[in-house]
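Asker: Requesting a structural model of the entry that follows:
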Amino acid sequence: ELHAAALRRVRDLDWSATVLLTSQNSSIERVIRASGVTEGVRATGFVKQPDDPQWSGDPDVREYLDRRRRYSPGVDPTLPNAEWGYSAAATFAKVLEGMAYVSREQLMESVDEVAGEAPLLLPGVKLDGVSPELPPVHGVWLQEFRAGKWVRVEPHDERR
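Answerer: Next up is the predicted model:
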């Protein structure tokens, strides 16, 4: 994996730069552990990662892993696209269930009514399809890898 190799190189050079990964490249198993880096890497995130021990007892993560084993046993559950794809599909199923009958108007009304939480979203990250100008997912965590898991880092204003 390219991202793990890059992190290994940063570690081997003893480079003290702040490393920031995108949510798509922050898998604990595939990137962090594979690199050998144990602390200090930061990443954005909006979904609960199934390989993060803090979510091992989470009902949404357990259901995701159960469904992944049952319906797609050959797919690595730690792939970010698999996590997000599952969450998007479950949300779309919720939209379809909210339709009184099948029509474009009913679909759009049901999308507008879907708000709140979707499976696997991190606490505080919300789903809201009401505004066509904004993306449906609102919020993101800034996280730092500490003690074997992602820990939320509270934003601060350095101008103070």
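Asker: worst-scoring helix or strand of the protein, pLDDT-wise?
Answerer: Of all helical and strand segments in the chain, the minimum by mean pLDDT, DSSP states H and E falls on strand 115-116, at a mean of 73.
Asker: Direction included, what does that one pair against?
Answerer: Neighbouring strands of strand 115-116 in its sheet, by DSSP bridges, are strand 126-128 (antiparallel).
Asker: what comes into contact with the strand it pairs with?
Answerer: With C-beta atoms under 8 Å, 6 or more residues apart in numbering as the test, strand 126-128 has contacts from Thr91, Val114, Ala115, Gly116, Glu117, Ala118, Leu121, Leu134, Pro136, Val137, His138, Gly139. To be clear about C-beta, it is placed using only N, CA and C from the backbone, and glycine gets the same treatment.
Asker: ok, back up a step: residues making contact with the least confident helix or strand of the chain?
Answerer: Contacts of strand 115-116 (C-beta under 8 Å, 6+ apart): Lys126, Leu127, Asp128, Gly129, Val130.
Asker: farthest pair in the contacts of strand 126-128?
Answerer: Glu117 and Leu134 (17.0 Å; C-beta to C-beta).
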